[in-house]
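Chemist: Can you look at this prediction? I've put the sequence above it.
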Amino acid sequence: MTEASTQGIELEHGSRFVRGAVELLSSMRFAISLLTVICIASVIGTVLKQHEPIPNYVNQFGPFWADAFLTLQLNAVYSAWWFLLILAFLVVSTTLCIARNTPKILADLKSFKESIREQSLQAFHHKAEAVLAHGPRAEADRIGGALAASGWKVRLQERDTTSGRGVMVAARAGGAGKIGYIAAHSAIVLICLGGLFDGDLIVRAQTWLGGKSVYSGGGMIADVKPEHWLPASNPTFRGNVFVPEGQQSSTAILSQSDGILLQDLPFTIELKKFIVEYYSTGMPKLFASDVVLHDRATGEKLERRIEVNHPASYKGIEIYQASFEDGGSAVTLKAVPMRAAAKPFELNGVIGGKSEITNGNEKLTVEYTGLRVINVENFGEASASGADVRRVDLGHTLEQRLGAADKSSKGRELRNVGPSISYKLRDASGQAREYSNYMLPVDMQDGGPKMFLLGVRDTPGEPFRYLRIPADQDGSMQDFLRLHEALLDPAQRERAVQRYVSQVVEPGKPELVKQLAESANRALDLFAGAEPVGGKKTGGLQAIADFMEEAVPAAEREKAAGVLMRILAGAVAELDAEARAGAGLKPLPADEATGRYMNQAMLALSDMYFYPAPVALELKDFKQVQASVFQVARAPGKTVVYLGCLLLILGIFAMLYVRERRVWVWLAPAGADGTEARMAMSTSRNTLDADREFDLLKRRLLAAEGETKT
């Protein structure tokens with residue numbers, strides 16, 4: 001039988017280089033090598049996130065590897081020039097392989113090889129001999145009929161021998177296995193062609209030959225020059241369309257490795273309403289878009305609902321629900337002072353926009369980056385990551401918050417902790433930190449008060465650290481902010497010390513009163529950051545620790561620290577009472593709940609000195625505007641790819657499960673009316689099934705009429 005050769009086409013004429021290049025390009029070994037490279041590149045494209053912003057690669061891999069990935073275009077593997085070139089070479093190489101082997105395969109399928117010599121039958125693995133009762137012609141008709149009835153194709157050839165006229169019976173079956181080779185290799189060509197058609201080849205051809213260029217700047221879409229736009233007649237493309245609720249868009253953005261191209265659509269997508277439903281874990285269960293498609297040529301309007309895995313199709317363009325984003329929600333923020341000089345104020349902004357604020361002589365830019373109305377958090381100790389869609393786990397990240405905190409061993413559960421606002425504060429030098437603040441206080445389930453969580457991180461690659469501010473009985477920060485303001489006021493600190501001393505020291509002990517007042521004043525001044533330690537001003541518990549390390553011998557620090565902390569706690573409690581009295585409120589009751597509140601308030605006051613911004617922006621109100629991100633694709637090669645996949649399945653099935661078999665039976669005269677028979681069978685794969693089939697054929701064709709010898 002004929003096997004497909006791994007060698008290429010060998011030209012008889014031309015230079016040695018040309019003949020070698022054609023042989024290599026048309027060889028099967030070259031096609032397999034290209035296919036291996038494509039598989040490796042596809043693995044890279046699957047593992048490495050594609051078309052991410054450049055800073056993301058720098059943060060994740062570092063500047064060196066990020067630059068290497070961008071140079072090799074590994075951030076856009078499937079649209080890289082070298083990937084498309086390999087695909088093109090694979091198409092040419094596989095096509096030449098098919099062209100070289102198909103005539104041989106077809107010729108082999110038509111051939112019965114009935115001219116094989118009878119002596120050659122002895123060399124086959126499957127062979128048998130027998131003496132039959134009737135003459136060669138009669139036995140040939142019987143054997144040929146039996147094979148034909150079993151689905152074999154049969155041909156008879158008569159030959160003259162020294163003992164008379166003999167007959168060679170040649171039969172073949174399972175030729176679909178050879179057809180499978182052609183189908184499988186043709187499938188590779190079709191799939192690669194479909195990939196080239198639906199990939200970036202046509203788009204890149206327009207940038208190479210059609211005068212188009214990639215746009216890498218910023219600004220309004222309407223201001224982008226025509227050379228960066230692709231026409232609505234573009235035969236193939238795949239891009240994203242961002243549409244806020246109540247707005248329209250007819251422009252798709254095609255991401256390229258070095259920028260974008262703008263694709264003009266023949267219709268306009270209007271988003272009427274975006275619908276999203278969540279599981280209890282915070283993961284989206286359903287998100288869908290009710291849209292109206294406006295035909296720009298005829299003015300026709302079509303209403304459609306687009307869901308995940310349920311796209312809409314119009315004018316040969318498929319519209320998929322890709323994701324959803326904020327569409328420009330309006331937010332009202334209140335500035336919470338974190339420094340003595342800061343003052344409260346309100347700020348109105350739009351997600352995606354900016355505002356200017358001042359920090360004394362320094363200007364800061366507030367960049368509103370996100371609004372999330374649902375935050376389902378996992379507070380379990382065993383959890384390694386958050387249950388919400390952004391994988392924020394407060395149970396884990398609160399351990400890394402600013403300052404100390406008590407840890408709870410109680411069980412946790414998933415729950416929605418309400419809306420949150422995220423923003424960046426950028427200084428005049430361009431440096432920025434990211435902040436994420438929750439609108440509502442969170443019940444930490446540790447027996448203490450609810451907490452307002454104010455998150456901060458220096459880089460996108462690190463988790464948020466949270467400052468926790470205890471909520472008062474009204475669920476607000478007012479009591480805490482009043483206490484913070486009182487701590488920064490020397491007069492109120494003095495009155496709080498007097499209140500504290502008068503309650504702790506019995507009358508008639510002036511020396512003790514003076515000594516305790518001095519200690520309480522120093523403790524409050526250190527805690528408020530009003531008294532420098534070691535030539536620097538700090539504040540909070542860190543200032544107390546620095547003072548103990550500088551002023552108290554090591555052997556006495558533990559005892560002195562305990563005394564000073566009790567004095568500080570009492571003075572802060574009286575400071576809170578003083579602040580409430582100034583606001584016309586009664587002091588908090590002396591109970592366990594107040595003790596837990598004051599403990600958390602002291603920790604928060606201490607942590608505020610490490611908060612890197614003069615104010616924290618608290619979300620007070622918002623008006624949410626959703627937006628859908630649609631993927632639009634015109635993919636004429638899709639049908640070609642589907643056909644290729646079908647051929648690939650059929651071809652592989654045929655090659656694996658269909659065995660080509662050939663049978664020869666040589667019938668020669670023996671005696672007066674008898675016939676000597678020699679039988680052999682060849683198969684593409686020697687298996688147990690082949691052994692069983694040969695035994696069955698041997699019994700049916702030879703054993704019925706005479707004695708069989710193997």
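Modeler: In hand now; what should we look at?
Chemist: Am I right that residue 364 sits in a strand?
Modeler: Yes. Applying DSSP: H, G, I helix; E, B strand; the rest coil, one finds residue 364 inside a strand.
Chemist: For the strand or helix carrying residue 484, the averaged confidence score.
Modeler: Here residue 484 sits within helix 478-487, counting by DSSP states H and E. Mean pLDDT, helix 478-487: 93.
Chemist: what does that helix rub up against?
Modeler: Residues from elsewhere that reach helix 478-487 (C-beta atoms under 8 Å, 6 or more residues apart in numbering): 336-337, 344, 469-473, 492-493, 496, 524, 527-528, 572, 575-576, 578-580, 582-583, 601, 604-605, 608. (Each C-beta comes from the backbone N, C-alpha and C, glycine too.)
Chemist: just how off-centre is it within its chain?
Modeler: Here helix 478-487 is found 45 Å from its chain centre; the criterion is C-alpha atoms, centre = their mean, to the nearest Å.
Chemist: returning to that earlier point: just the ones of the contacts of helix 478-487 in strands?
Modeler: 336-337, 469-470 (DSSP state E).
Chemist: circling back: just the buried members of the contacts of helix 478-487?
Modeler: 336-337, 469-472, 492-493, 496, 524, 527-528, 572, 575-576, 578-580, 601, 604-605, 608 (16 or more other C-beta atoms under 10 Å).
Chemist: ok so, going back, among the ones in strands among the contacts of helix 478-487, which two are most distant?
Modeler: Using C-beta to C-beta, the pair of the ones in strands among the contacts of helix 478-487 lying farthest apart is 337 and 470, separated by 16.7 Å.
Chemist: check contacts around residue 188.
Modeler: Residues in contact with residue 188 (C-beta under 8 Å, 6+ apart) are 31, 35, 90, 94, 644, 648.
Chemist: hmm, 6 Å instead?
Modeler: Counting by C-beta atoms under 6 Å, 6 or more residues apart in numbering, residue 188 touches residue 94.
Chemist: again with residue 267
Modeler: 293-296.
Chemist: Selection in ChimeraX covering whichever of these are buried, please.
Modeler: To isolate the buried ones among the contacts of residue 267 in ChimeraX, judged by 16+ other C-beta under 10 Å, type:
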select :293,294
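Chemist: Pull the residues that contact the one helix or strand residue 595 maps to.
Modeler: Take DSSP H and E as the rule and residue 595 turns out to sit in helix 592-607. By C-beta under 6 Å, 6+ apart, the residues outside helix 592-607 that reach it are 402-403, 448-449, 467, 469-470, 480, 540-541, 572-573, 588.
Chemist: what ranges do the helices span in the stretch 551-700 of the chain?
Modeler: 557-582, 592-607, 637-657, 688-698 (DSSP state H, counting those that start in this stretch).
Chemist: how far is the second one from where the chain is centred?
Modeler: Right, the one you point to is helix 592-607. 42 Å.
Chemist: by how many degrees do that helix and helix 557-582 diverge?
Modeler: 110 degrees (axes from the mean of the first three to the mean of the last three C-alpha atoms, to 10 degrees).
Chemist: how far off helix 478-487 does helix 592-607 point, in degrees?
Modeler: Going by the same axes, to 10 degrees, helix 592-607 makes 50 degrees with helix 478-487.
Chemist: Buried residues of helix 592-607, list them for me.
Modeler: So for helix 592-607, counting by 16+ other C-beta under 10 Å, buried means 596-607.
Chemist: Need those in TSV (columns: pLDDT and distance to residue 682).
Modeler: What follows is these, written out as TSV (pLDDT from 0 to 100; distance: C-beta to C-beta, whole Å):
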residue	pLDDT	distance to residue 682
596	92	89
597	93	91
598	93	94
599	93	90
600	93	87
601	94	91
602	93	92
603	93	86
604	93	87
605	94	91
606	92	89
607	92	84
